[in-house]
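[1] dropping the sequence and predicted coords here.
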Amino acid sequence: MSRIFILTKNYLKLIFRAKSVLIITVIGALVVMAALTNVFHTLLDQAETGEEFTIGYEMDDDSRYSAVEEFLKEGFEEEGMTVIEYSDADPDALIKEEKIDVFIDFEGDSYSIKGRSNDEIDARIVQYVLYNVDHMMNGDMGKVEIASDKIEAREQADADTYYTIVQTVYFSSLCSIFLCLVYIAERKQNIGIRFRSSTAGGAHIYLSKLLACTLTAWLTMALVTGGLALFLFDIKLGCPLTSIGILLLTILAFVSFGMLFLIIFDNPAAAIGFLFMVLWFSGYAGGTFETYMLSSMSQSVKELSPLYYVNRTLVELSVNGQSDYLGRCLMVLTVMSAVSIVLGMFITSKKKGV
Amino acid sequence: MNDTVVRLDGLIKKYDNRAVVDGLSLEIREGEIFGLLGPNGAGKSTTMNMICSLLKPTAGQIELFGYNTKTDNKKIKPLIGYIPQELAIYGNLKAWENVELFTSLYGIKGQALKDAIDESLEFVKLSDKRNAFAKTFSGGMKRRLNIACALGHKPKLLIFDEPTVGIDPQSRNFILESIKAANKKGATVIYTSHYMEEVEAICTRIAIMDNGKIIAIGTKNELKDMVRKNRDEDISLEEVFLTLTGKKLRDYTEG
């Protein structure tokens, strides 16, 4: 333990003495988060407060959604949308004649949504609402008892809430890139030879780096989110302890993931390039840039991104105080951390050092 | 009592079927300052890396202090202090922090660690610079700190791989005197350098390697005798070296 403590202590000194890196991390994160939040604010606000639109629908008698038909109608109407029921309608003709903007056809266990091709945003909003309703129904038609107040509780996040949360999550994951610079310094300075000729095990070396990087990333993000909350806008975390726990676990998962690739790749530049690509895709699919509820990306692709689970859980916790994704989010982050740590420790033991 | 510190027996290291070290057998006794000489690519660094367990031999045995490196690695490593040719220190750590970090790798802690830091820095005369960052040091000071980082765990065998490259004569002289002082304190030393006068000045026995084999071994006078034979004039170790290894340029790539 003393070896890990002394190594961690010195790694922390090395990280904190690389002031330029820390300043860039904190200030960069603050500036970019503020900028991205403002840029995407417009997009989400357009979706939220855009012109009210008209929804047409047709409900088969055997549709599982018939049990919640009234709740759905009330919900849409409360949001200022006009809802019209049709039978044997021609959706294309109705949309073409501009009688409606979106058409929902409820059949059996499924539904299909048609929207105007040049304004898909309306259709996506409808899809998002129905997706949430779907989740509440859990596919069990025999027990559908949904109170109207529960439906009303399923609100959408506003732009500030959404983007402050997802950008905090994204920069938590990006910390892995900034902080793994400690590896580059070691390789440049040929330090590995001392590790390999010593009696310290791979686990000592790996765990001390992981501890130092994770602690610094936690502190960095605390400063960033604190700075945001103090000077720019509030970050509305729902269930604060759970949300903070998820953020801490996210940082551990991405730092260990980042370290794994720095250990595997002999060339740190290649490792960082690869990591950046992975993080960018993860953010892109996970709702960091385009909101996950309005994204045209398929659900299966979104679920490839660990950030999707984190974003969705934190946003839903913030807005609704609960999230069906909480369990999956914790599982994804735990598995990601565990696999990265076990592999990282194993490879470090083999390579011994950097 | 067996005073053999290092015993190499039929040591072979091959890369792609090319033997970099080719059947090397050698004994180094306690208290020696043993010089290992050879042109670039002769196999010196590979041999030292195998002694330090940084490389696995393709064949052959290495015994250090009676322990076999294949089976007793954990017992052997605390007995070795390796001073690499390239500086292996953190510029953004202070002198004492560098020594602390690298000494702690051997499990030394508490007061023993503090004492080890003080003694190591004092040994290389950097006590007054203990709180200075390594990146602010001159080349010679960095070399001395590089040595101090390998001394904290009080090794019995010190391995120096060209420790005086690129430093001024004063620093070089100080390092050579330090090596002699460490030897007087009881450490056995293996020393490699391309500076023949250094080897001549401090080594009690010298081996000359070429093409992965030892081509000559003995005291400096014994080596000179091998070459001068019928000549009366005094010759330098460099002349011995060039006579034995030839004057052809040695360009090589590792691996």
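    Thanks, I have it. Numbering: from 1, shown residues only, chains lettered A, B, ... in the order given.

[2] how many neighbours does residue 64 have?
    Because you didn't say which chain, this covers chain A. By other C-beta atoms under 10 Å in any protein chain shown, the residues close to A:Arg64 number 19. All C-beta spots, glycine's among them, are computed from the backbone N, C-alpha and C.

[3] my bad, the chain I had in mind was chain B
    With other C-beta under 10 Å as criterion, B:Leu64 counts 26.

[4] spit out the contact partners of it.
    Residues near B:Leu64 by C-beta atoms under 8 Å, 6 or more residues apart in numbering or on different chains: B:Val5, B:Val6, B:Arg7, B:Ile51, B:Ile76, B:Leu79, B:Ile80, B:Leu157.

[5] quick one: which of these sit in strands?
    Of the positions in these, B:Val5, B:Val6, B:Arg7, B:Ile80, B:Leu157 sit in strands, assigned by DSSP state E.

[6] near chain A, list only the ones from the residues you listed.
    Contacts with chain A within these, counted by C-beta under 8 Å from any C-beta of the partner chain: B:Ile80.

[7] redo the ones in strands among the contacts of B:Leu64 as CSV? Include neighbour count and distance to A:Ser173.
    Compiled in CSV, these are given as follows (neighbours: other C-beta atoms under 10 Å in any protein chain shown; distance: C-beta to C-beta, whole Å):
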residue, neighbour count, distance to A:Ser173
B:Val5, 23, 52
B:Val6, 21, 50
B:Arg7, 19, 53
B:Ile80, 22, 42
B:Leu157, 22, 46
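
[8] just the ones in strands among the contacts of B:Leu64 now: which is nearest B:Leu121?
    Taking C-beta to C-beta as the measure, B:Leu121 sits nearest to B:Ile80 out of the ones in strands among the contacts of B:Leu64, at 20.5 Å.

[9] dump the residue contacts of that closest one.
    Counting by C-beta under 8 Å, 6+ apart, B:Ile80 makes contact with A:Ser197, B:Ile51, B:Cys52, B:Leu64, B:Pro155, B:Lys156, B:Leu157, B:Leu158, B:Ile159.

[10] among these, which ones are buried?
    Among these, those buried by neighbour count (16 or more other C-beta atoms under 10 Å in any protein chain shown) are A:Ser197, B:Ile51, B:Cys52, B:Leu64, B:Pro155, B:Leu157, B:Leu158, B:Ile159.

[11] check what pLDDT residue 180 gets.
    Just going to use chain A. A:Cys180 carries a pLDDT value of 65.

[12] that was the other one, I meant chain B.
    92.

[13] can you get me a residue count around the closest residue in space to it that isn't next to it in sequence?
    In this structure, B:Lys180 finds its nearest non-sequential neighbour in B:Ile202, 5.8 Å apart by C-beta to C-beta, 6 or more residues apart in numbering or on different chains. Neighbour count of B:Ile202, defined by other C-beta under 10 Å: 19.

[14] got it, and A:Ser318?
    For A:Ser318, the neighbour count with other C-beta under 10 Å is 22.

[15] residue numbers of the stretch 51-200 of chain A in contact with chain B?
    Residues of the stretch 51-200 of chain A lying near chain B (C-beta under 8 Å from any C-beta): A:Ala185, A:Gln189, A:Asn190, A:Ile191, A:Ile193, A:Arg194, A:Phe195, A:Arg196, A:Ser197, A:Ser198, A:Thr199, A:Ala200.

[16] most widely separated two among those residues?
    A:Ala185 and A:Thr199 (23.0 Å).

[17] next up, phi/psi of B:Phe133, please.
    phi -70, psi 140 (degrees, to the nearest 10).

[18] any stretches of the stretch 101-250 of chain B with poor pLDDT?
    B:229-233, B:247-250 (pLDDT under 70).

[19] how about the residues of it that lie near chain A?
    B:Leu101, B:Phe102, B:Ser104, B:Leu105, B:Tyr106, B:Gly107, B:Lys109, B:Gly110, B:Leu113, B:Cys149, B:Ala150.

[20] who's in contact with the closest residue to the second one other than its chain neighbours?
    Spelled out, that is B:Phe102. Distances taken as C-beta to C-beta, 6+ apart place B:Cys149 nearest to B:Phe102, at 4.2 Å, with adjacent residues excluded. Contact partners of B:Cys149, counting by C-beta under 8 Å, 6+ apart, are A:Arg194, B:Ala88, B:Ile89, B:Asn98, B:Val99, B:Phe102, B:Thr103, B:Ser120.
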